[in-house]
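**Student:** could you work out the structure for the sequence below:
(chains A and B)
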Amino acid sequence: MLYRPSLLAYIFAATLLATAVSAFAGQRKFAYSYETLTVPVGSVEFENWVTWKHSSAGERVDQFDFRHEFEFGVTERLQIGLYVADWSLTESRTESRAVYQHSGVEVIYNLTNPNTDFLGSALYGEVQVGDRVIEFEGKLLLQKNFGRVSLVYNAIIEAEWEGESLQHLDERSGEFAQTLGVSYELTPNFSAGAELLHEVDLPEWRAAGKSIVFAGPNVSVRAGRFFATVAGLFRITDQNDEPDVQTRLIFGFDF
Amino acid sequence: MTLGGCASLDALAPPVSPAMLRAGHGVGSGTLENGRLLLTTRCASCHRVYPVAAYPSAKWKTILAEMAPRAKLDTAQHAAVLAYLDAALAVPPTPPAR
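**Tutor:** Predicted structure coming up:
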């Protein structure tokens, strides 16, 4: 178990570093769903994500995915996000490996407001480029707030080209996913609820492949200028080669 | 736009009315409308829409002093929200507040 301290130290250091340089404005109540409101014009935020996927079937594997993102409020309705780097750390009994995945750009355009309109909505587009992969993602975001309760739904379509290098992207794959979330605001500092994630593989863009569902609780806290949202989702479908549990933490600091 | 003119939202933040305009110390309806819009949108991106009637005017002032920077309101927007709150509080709500 020699790798344990090094892994924890690594995550702890990355977390501290990210916290020290981050700023944010909009509070996220969900870890797996996007909400429909964009950040205010002229504001710049920095968000940090850590997703921990744990698999125990066969060999025990822990994968940590990291994301560091700047978000800019461009107009009242338009927000642009820059993914500085998405990278992952994989830990198993036999190996410990950190891999840079990709960097990218995300655009969110708000259409309607979840408080004042019948239904809040927004469109989301994302392009990510790595040294061996190109990925496109489109989402439809829906949200309704009723007093202290927020309901969100995201529909996501993803296309990915992968290969030995960017010149040889010979493998293509896709995914359809949808997320659902509910959150109750107990105080302005604390919300709690539940989230659901449903993923359907579209290998080679042909027939639908595996269909996986994760569900579990979430909480979101805000103490002064610090905010953190975490969700722990358990796989409720029975594919044993997929992670049993995944936990995502998103946090920021405003200064 | 008040397309989805939602009954519960109107109870939390009453729509701008002629009575509010009279109570608004000469503030134009555009400013009051904008104040209400900011209160129900920008101010509700981190938490729920708080009922106007939840606090007296002086308390709203101190709350806004703290919250306006968080919502990235400029001085005119800050003033518009305050003007709307003052006008809405000065007019007795049609149904009993809260």
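
**Student:** name the helices or strands packed onto the helix or strand of chain B with the lowest mean pLDDT?
**Tutor:** One helix or strand of chain B scores below all others by mean pLDDT, DSSP states H and E: helix B:7-12, with a mean of 82. Using 3 or more C-beta pairs under 8 Å, 6 or more residues apart in numbering or on different chains; DSSP states H and E, no helix or strand is in contact with helix B:7-12. Using the backbone N, CA and C atoms, a C-beta is placed for each residue, glycine as well.

**Student:** name the next helix or strand following it along the chain.
**Tutor:** Downstream of helix B:7-12, the next assigned helix or strand under DSSP states H and E is helix B:18-23.

**Student:** can you give me the end-to-end span of stretch A:32-42?
**Tutor:** One end of stretch A:32-42 to the other measures 26 Å (C-alpha to C-alpha, to the nearest Å).

**Student:** A:H68 against A:V50, yeah?
**Tutor:** No - under the criterion of C-beta atoms under 8 Å, A:H68 is not in contact with A:V50, lying 10.2 Å apart.

**Student:** so B:A68 belongs to a helix, correct?
**Tutor:** Yes - counting by DSSP: H, G, I helix; E, B strand; the rest coil, B:A68 is located in a helix.

**Student:** burial count for it?
**Tutor:** 20 (other C-beta atoms under 10 Å in any protein chain shown).

**Student:** pLDDT at it, what is it?
**Tutor:** Note on B:A68: pLDDT of 93.

**Student:** can you verify my assumption that it contacts B:A80?
**Tutor:** No - using C-beta under 8 Å as the test, B:A68 is too far from B:A80 to be in contact (10.6 Å).

**Student:** helices and strands around the longest helix anywhere in chain B, which ones?
**Tutor:** Taking DSSP state H as the criterion, chain B has its longest helix at helix B:75-90. In terms of contacts (3+ C-beta pairs under 8 Å, 6+ apart), helix B:75-90 is packed against helix B:18-23, helix B:29-40, helix B:57-70.

**Student:** so the residue in the stretch 51-200 of chain A positioned nearest to chain B is in which element?
**Tutor:** Per C-beta to the nearest C-beta, A:F118 is where the stretch 51-200 of chain A lies closest to chain B, at 3.7 Å. Assigned by DSSP H and E, A:F118 belongs to no helix or strand.

**Student:** need phi/psi at it.
**Tutor:** phi -60, psi -40 (degrees, to the nearest 10).

**Student:** A:W49 contacts A:R248, doesn't it?
**Tutor:** Yes - under the criterion of C-beta under 8 Å, A:W49 makes contact with A:R248 at 6.6 Å.

**Student:** which one of these two has more residues nearby?
**Tutor:** Remark: of A:W49 and A:R248, A:R248 carries more neighbours, 22 against 18, as counted by other C-beta under 10 Å.

**Student:** now do the same contact list for the more buried one.
**Tutor:** A:31-32, A:49-52, A:230-231, A:233 (C-beta atoms under 8 Å, 6 or more residues apart in numbering or on different chains).

**Student:** please state the offset of the one helix or strand A:N110 maps to from the chain centre?
**Tutor:** Remark: A:N110 resides in strand A:96-112, with elements defined by DSSP H and E. Centroid separation between strand A:96-112 and its chain, computed with C-alpha atoms, centre = their mean, to the nearest Å, is 9 Å.

**Student:** please point out which parts of stretch A:120-133 sit buried.
**Tutor:** Buried residues in stretch A:120-133, defined by neighbour count with 16 or more other C-beta atoms under 10 Å in any protein chain shown: A:120-122, A:124, A:126, A:128, A:130, A:132-133.

**Student:** tell me the average confidence for that stretch?
**Tutor:** Rounded mean pLDDT across stretch A:120-133 is 95.

**Student:** can you check stretch B:31-50 too?
**Tutor:** On average, stretch B:31-50 scores 92.

**Student:** near chain B, which residues of chain A?
**Tutor:** Residues of chain A lying close to chain B by C-beta under 8 Å from any C-beta of the partner chain are A:25-27, A:37, A:40-43, A:73, A:112-113, A:115-119, A:145-148, A:185, A:188, A:222, A:254.

**Student:** among the residues you listed, which are located in strands?
**Tutor:** Among the residues of chain A next to chain B, the residues falling in strands (DSSP state E) are A:73, A:112, A:145-146, A:185, A:222.

**Student:** tell me the buried residues within these.
**Tutor:** Counted by 16+ other C-beta under 10 Å, these give A:73, A:112, A:145, A:185, A:222 as buried.

**Student:** contacts only, for the third one.
**Tutor:** A:N145 makes contact with A:114-115, A:120, A:151, B:44, B:48-49 under the criterion C-beta under 8 Å, 6+ apart.

**Student:** apply 10 Å and report the result again.
**Tutor:** By C-beta atoms under 10 Å, 6 or more residues apart in numbering or on different chains, A:N145 lies in contact with A:29, A:35-37, A:113-116, A:120, A:151-152, A:183, A:185, B:9, B:44, B:47-49.

**Student:** so which of the buried ones among the ones in strands among the residues of chain A next to chain B is the closest to B:E33?
**Tutor:** A:T112 (17.8 Å; C-beta to C-beta).
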